[in-house]
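In: Build me a model:
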Amino acid sequence: MKKLSGEMVKRVDRPVKVLQFGEGNFLRAFVDYMFDICNEKGLFDGSIVLAKPIEFGSLENFGKQDNLYTVSLRGIQDGEAKIQNRIVTGIADTVDVYADYEKYTDYAKLDSLRYIVSNTTEAGIVFDDTDSFDAKPPKTFPGKLTKFLFTRYEAFKADPSKGLVMLPVELIDDNGIELARCVDRFITLWKLPEDFRNWVNTACNFCSTLVDRIVTGYPRGEEEKVWNELGYEDRLVVTGEPFALWVIESKKDLTDELPFVKAGLPVIYTDNQKPYKQRKVRILNGAHTSFVLASYLAGNDIVLESMEDKTIYDFMHATVFDEVIPTLTLPRQDLLDFAEAVITRFRNPYVKHALLSISLNSVSKWKARCMPSFLEYIRLNGENPAHLTFSIAALMAFYTGDKISDGALIGHRDGSEYRIMDDAFVLEFFKDNSGKSSAEFAKAVLSNTAFWGQDLAKEGNTLKMVTDYLEDIRTLGMRKAIEKNF
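Out: Coordinates of the predicted model:
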């Protein structure tokens with residue numbers, strides 16, 4: 001079988017406009033994919049350099065494939081399962097920040113450079129006062145960026161037109177604001193000129209962004225099948241779902257210079273991304289957290305099975321449409337459209353999303369994803385949201401076990417063990433309390449302010465409802481308890 005190479009595609013030589021910290025699956029299937037479409041439509045005319053910002057890993061496959069790779073989007077569109085393949089041609093070069101430090105630094109001096117994209121994980125945007133300006137490179141991502149910007153500032157003699165636009169996609173709140181804060185602290189720590197700080201604050205633009213696309217990555221174990229579908233071997237092929245959303249919060253209007261919207265791409269420019277994050281967290285993530293534990297105890301193993309199970313599907317649908325959406329502030333039709341798209345994503349036959357994987361750290365997830373909707377519903381209606389309240393009882397039933405082994409609380413489903421993964425203090429609490437009566441267990445969980453930041457037993461009719469739901473689960477089993485109450 002032939003291998004993907006530059007001989008197979010028509011490439012256009014374009015100026016480098018984007019330096020990207022990170023060469024992983026998500027950025028390649030999301031950001032680079034979007035830039036590639038803009039290039040194809042004649043709207044951007046820029047190429048990307050991938051910078052590997054960590055010491056381990058290899059860029060070898062990029063060189064072997066002339067920096068080409070395929071994005072294979074797989075999912076439900078217009079009611080049918082479809083696969084869309086695209087060879088991304090916009091990567092001009094790759095650089096190892098550690099092994100090719102001088103080459104990497106030279107990109108700071110490139111006149112055409114305009115954008116910095118990053119995905120250095122949630123732990124990447126951090127300030128570390130042991131980081132050194134003299135290191136080649138500094139060890140943290142914000143340290144690397146600060147030194148890179150200083151190199152550019154000096155090379156162009158503080159020219160305000162040579163500032164850069166930062167587009168971080170790390171999954172932390174206000175990622176652009178936090179990145180800017182870290183850079184500012186490094187300027188202070190390293191005693192860099194105040195004029196440089198002013199250039200960073202006025203010539204550069206740190207955008208906060210919200211991204212949404214499930215990227216399943218390299219199809220390990222199924223690559224031969226995928227290569228046969230493509231008709232060529234691609235060691236960098238990345239798979240994902242068709243759905244995508246990129247919300248970019250910017251202090252300056254980027255609509256014209258970043259023409260994603262004009263290209264028909266799912267990008268929203270705003271001065272406030274928080275309502276969009278709230279929508280995603282409460283509908284998409286909140287739906288997951290509210291139904292997966294009940295679905296697992298009802299006998300399902302993946303999200304797709306759950307959507308094909310009428311009992312679980314109806315529970316999820318009512319949770320989202322009757323209890324979550326009424327508590328949100330975006331226009332109702334936007335919320336309904338987003339929720340329908342979420343359900344389509346849950347039904348994606350190409351994504352085998354394990355419920356046990358989603359169950360990781362469910363206590364903190366319930367607090368972040370479900371509790372705001374739960375409390376707002378009570379505030380607005382003066383009564384408990386039945387499905388969200390049941391989800392607390394389902395969490396308690398799932399977190400039932402009397403033994404901790406290798407860092408996991410051991411639960412049981414139909415005679416088989418499963419591993420409950422959470423912080424050690426959470427697991428210890430459930431080991432010590434889950435054997436109590438339903439009333440005592442419910443009181444202990446709901447009043448644990450270390451979990452929720454407040455006493456949930458005092459909210460509405462929560463204590464009695466959770467006690468009754470848990471007793472039904474214990475005596476009838478999860479499936480019959482749901483059917484009895486809903």
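
In: Pull up the gap between F62 and V342, please.
Out: 34 Å (Cβ to Cβ, to the nearest Å). The way it works is simple: take the backbone N, C-alpha and C, and place the C-beta from them, glycine included.

In: Neighbour count for the two, which is higher?
Out: Taking other Cβ atoms under 10 Å, F62 and V342 do not tie; V342 has more neighbours (22 against 19).

In: and the more buried one, what does it touch?
Out: With contacts defined as Cβ atoms under 8 Å, 6 or more residues apart in numbering, V342 is in contact with I283, L284, A287, V320.

In: hey, where'd the helices end up in the stretch 201-350 of the chain?
Out: Secondary structure of the stretch 201-350 of the chain, counting by DSSP state H, counting those that start in this stretch: helices at 223-230, 274-279, 286-297, 303-307, 310-318, 332-346.

In: Turn the contacts of V342 into a markdown table, including neighbour count and pLDDT.
Out: As requested, the contacts of V342 are exported to a markdown table (neighbours: other Cβ atoms under 10 Å; pLDDT from 0 to 100):
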| residue | neighbour count | pLDDT |
| --- | --- | --- |
| I283 | 25 | 97 |
| L284 | 22 | 95 |
| A287 | 22 | 95 |
| V320 | 26 | 98 |
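
In: element containing R419?
Out: strand 416-420 (DSSP states H and E).

In: which ones are touching E170?
Out: Taking Cβ under 8 Å, 6+ apart, we find E170 in contact with S118, N119, T120, T121, E122, G124, I125.

In: now the residue nearest to the second one when sequence neighbours are not counted: how far from G286?
Out: Just to be clear, that refers to N119. Sequence neighbours aside, G22 is the residue nearest to N119 in space, at 4.3 Å (criterion: Cβ to Cβ, 6 or more residues apart in numbering). According to Cβ to Cβ, G22 and G286 sit 28 Å apart.

In: More neighbours: which of these two?
Out: Each of G22 and G286 has its neighbours counted (other Cβ under 10 Å); G286 has more, 29 against 24.

In: I'd guessed S391 sits against S373; true?
Out: No. Applying Cβ atoms under 8 Å as the test, S391 and S373 come out as separate, 10.3 Å apart.

In: buried sites along the strand holding R419?
Out: Within strand 416-420, the residues that count as buried by 16 or more other Cβ atoms under 10 Å are Y418, I420.

In: That strand vs helix 286-297, what angle?
Out: Interaxial angle, strand 416-420 versus helix 286-297 (axes from the mean of the first three to the mean of the last three Cα atoms, to 10 degrees): 150 degrees.

In: what about stretch 41-57, start to end distance?
Out: Stretch 41-57 has its terminal residues 33 Å apart, counting by Cα to Cα, to the nearest Å.

In: quick one: contacts of it?
Out: For stretch 41-57, using Cβ under 8 Å, 6+ apart, the contacting residues are 14-23, 32, 35, 38-39, 59, 62, 67, 90-98, 104, 107, 112, 114, 117-118, 120, 124, 141, 144, 258-259, 262-263.

In: Could you identify the buried members of these?
Out: For those, a neighbour count by 16+ other Cβ under 10 Å gives the buried set as 14, 16-23, 32, 35, 38-39, 59, 62, 67, 90-97, 104, 107, 114, 117-118, 120, 124, 141, 144, 258-259, 263.

In: Looking at the helices of the stretch 201-350 of the chain, which is nearest to D432?
Out: D432 sits nearest to helix 286-297 of all the helices of the stretch 201-350 of the chain, at 19.8 Å, using Cβ to Cβ.

In: starting at the chain centroid, how far to the closest one?
Out: Its chain's average C-alpha position is 18 Å from that of helix 286-297, according to Cα atoms, centre = their mean, to the nearest Å.

In: Next: stretch 186-201.
Out: Chain-centre distance of stretch 186-201: 31 Å, with Cα atoms, centre = their mean.

In: Kindly report the same for stretch 307-316.
Out: 25 Å.

In: Need the contact partners of stretch 383-394.
Out: Defining contact as Cβ under 8 Å, 6+ apart, one finds that stretch 383-394 is touched by 289-291, 293-294, 297, 315, 318-319, 322-324, 366, 370, 373-374, 377-378, 442, 445-446, 456, 459-462, 465-466, 469-470, 473, 478, 482, 485-486.

In: Closest to the centroid, which residue in the chain?
Out: L171 (5.5 Å; Cα atoms, centre = their mean).

In: Enumerate every residue touching it.
Out: Counting by Cβ under 8 Å, 6+ apart, L171 makes contact with E122, V211.

In: mind checking how far it is from T120?
Out: 11 Å.

In: Ok, S359 next?
Out: Per Cβ to Cβ, S359 is found 26 Å from T120.

In: Then L297?
Out: L297 is 37 Å from T120, by Cβ to Cβ.

In: Repeat that for A386.
Out: 42 Å.

In: what's the answer for V267, then?
Out: Relative to T120, and taking Cβ to Cβ, V267 is found at 21 Å.

In: cool, D414 as well?
Out: On the measure of Cβ to Cβ, D414 and T120 end up 42 Å apart.

In: what does K262 give?
Out: K262 sits 29 Å away from T120, going by Cβ to Cβ.

In: Also H387?
Out: Here H387 is placed at a distance of 37 Å from T120 (Cβ to Cβ).

In: any idea how far R479 is from the residue nearest to N119?
Out: Distance from G22 to R479, by Cβ to Cβ: 43 Å.

In: Then R181?
Out: When R181 is compared with R479 (using Cβ to Cβ), they lie 49 Å apart.

In: more crowded one of these two?
Out: A count of neighbours by other Cβ under 10 Å puts R479 above the other of R181 and R479, at 18 against 15.

In: What is the three-state secondary structure of that one?
Out: Following DSSP: H, G, I helix; E, B strand; the rest coil, the label given to R479 is helix.

In: quick one: the strand holding R419 to chain centroid distance?
Out: 26 Å.

In: Touching it from outside, list them.
Out: Counting by Cβ under 8 Å, 6+ apart, 296, 356, 359, 398-399, 401, 408-412, 427, 430 sit against strand 416-420.

In: gap between E55 and Y98?
Out: 5 Å.

In: swap in N272?
Out: Distance from N272 to Y98, by Cβ to Cβ: 38 Å.
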